[in-house]
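Chemist: sharing a model that was predicted from the sequence below.
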Amino acid sequence: LVLCDSLHEALPDHPGPYLSTAGVYVNWMQSHRLSQFQEEVDLNAQRAIDTGTELLASSDDPWLSFYVGSAYGYRALARLRRHNWIGAFLDGRRSNEHLNTALKRDPRLYDAYFALGGYHYWRTARSDFLRTVAFWMRDRRDLGLRQMQLAVDHGRYIRNGALHGLALARYDAGDWEGALAANQLLMDTIEPPTNGSLHLRGRLFAQRQDWPAVERTFKQLLTKLTVRPRGYQSVGYQVECMYWIAAALKNQGRIDASRQLAA
């Protein structure tokens, strides 16, 4: 956030600093399962849209289209969290329009493929509501996976985020080994590992029934979650970690320890 503030000072009328700030808050909330920064996300995403749209009136810079499209993507996620399905669908469509424009102007702007891939995959992977009211939509999960892979392979800034997004999508698709491979690449890149990477890794080890690894991974995540300042801790997230540790202990035959943790 300090770096974002310095960007705001240097570029007060540019969408980039606003998008970066929104991204920090989105990742903070996702990493710790918080909700108290949604107002900051809404404000910065809207500022990115407004300033970017104003600049696009006199410029065809593909990065401006990327910033505006990404800001619409953040707003779509916010609307999903509030169960505003129609608003999220419309913002997702606006995001796609701007990101596709960015790619038409610069086909090598591979960062744009991550958001496009995520939209194409998750729109049909989990959108029961949208499939009911928009039954004509094609299943584009394979396209989404390919687009996320492009961002992993060639993205300028987004590679780590794309790796985690690809791992989540492959996990959802039942491709445990593909998900673990993407997760391992990210774990090898970032030290200490992110909360999201640890959580997904633990779930993948559970699919493998590698219970010592499940225990070890969720203990590591629980330790990270409990050192956050008061007010920035998700009790539900900690309870989920304890559940998986207890399950791992039970499956290793350590029943008393599992029972004690469950209590």
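Modeler: The structure has been received and is ready for your questions.
Chemist: let me know how buried residue 76 is, in neighbour terms.
Modeler: Neighbour count for residue 76, taken as other CB atoms under 10 Å: 23. Every C-beta, even on glycine, is put in place using the N, C-alpha and C of the backbone.
Chemist: then residue 186?
Modeler: Other residues near residue 186 come to 23 when the count uses other CB under 10 Å.
Chemist: which helix or strand lies directly C-terminal to the strand or helix carrying it?
Modeler: According to DSSP states H and E, residue 186 maps onto helix 176-189. The first helix or strand that comes after helix 176-189 along the chain, using DSSP H and E, is helix 195-208.
Chemist: on that earlier part again, show the average pLDDT along the helix holding residue 186.
Modeler: Averaging pLDDT along helix 176-189 gives 95.
Chemist: hey, C-alpha coordinates of that helix in CSV?
Modeler: Extracted C-alpha coordinates of helix 176-189, given in CSV (Å, rounded to 0.1, in the frame of the first residue of the first chain):
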residue,chain,number,x,y,z
TRP,A,176,-5.2,-33.2,-9.3
GLU,A,177,-1.7,-33.8,-10.7
GLY,A,178,-2.0,-30.7,-13.0
ALA,A,179,-3.1,-28.6,-10.1
LEU,A,180,-0.2,-29.9,-7.9
ALA,A,181,2.3,-29.2,-10.7
ALA,A,182,1.2,-25.6,-11.0
ASN,A,183,1.0,-25.3,-7.2
GLN,A,184,4.6,-26.6,-6.9
LEU,A,185,5.9,-24.1,-9.4
LEU,A,186,4.4,-21.3,-7.3
MET,A,187,5.7,-22.7,-4.1
ASP,A,188,9.2,-22.9,-5.6
THR,A,189,8.9,-19.2,-6.6
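Chemist: please begin residue numbering at 573 from this point
Modeler: In the new count, where the first residue is 573, that last one comes out as helix 748-761.
Chemist: for that helix, which outside residues touch it?
Modeler: With contact meaning CB atoms under 8 Å, 6 or more residues apart in numbering, helix 748-761 is reached by 724, 732, 735-736, 738-740, 742-743, 765-766, 769, 772-773, 776, 779-780.
Chemist: same check on stretch 674-685?
Modeler: Stretch 674-685 is contacted by residues 632-635, 637-638, 641, 671-672, 719-720, 722-723, 725-730, 734 when judged by CB under 8 Å, 6+ apart.
Chemist: if we go to 6 Å?
Modeler: 634, 637, 638, 671, 719, 722, 723, 726, 727, 728, 729, 730 (CB atoms under 6 Å, 6 or more residues apart in numbering).
Chemist: dihedrals phi and psi, the third one?
Modeler: Geometry field for residue 638 lists phi and psi as phi -60, psi -50, criterion degrees, to the nearest 10.
Chemist: what residue ranges in the stretch 723-835 of the chain are flagged as low confidence?
Modeler: Along the stretch 723-835 of the chain, the model assigns pLDDT under 70 to residues 800-803.
Chemist: now do the contacts for residue 774.
Modeler: Contacts of residue 774 (CB under 6 Å, 6+ apart): 786, 789, 790, 816.
Chemist: roughly how far does it sit from residue 788?
Modeler: The gap separating residue 774 from residue 788 is 9 Å, by CB to CB, to the nearest Å.
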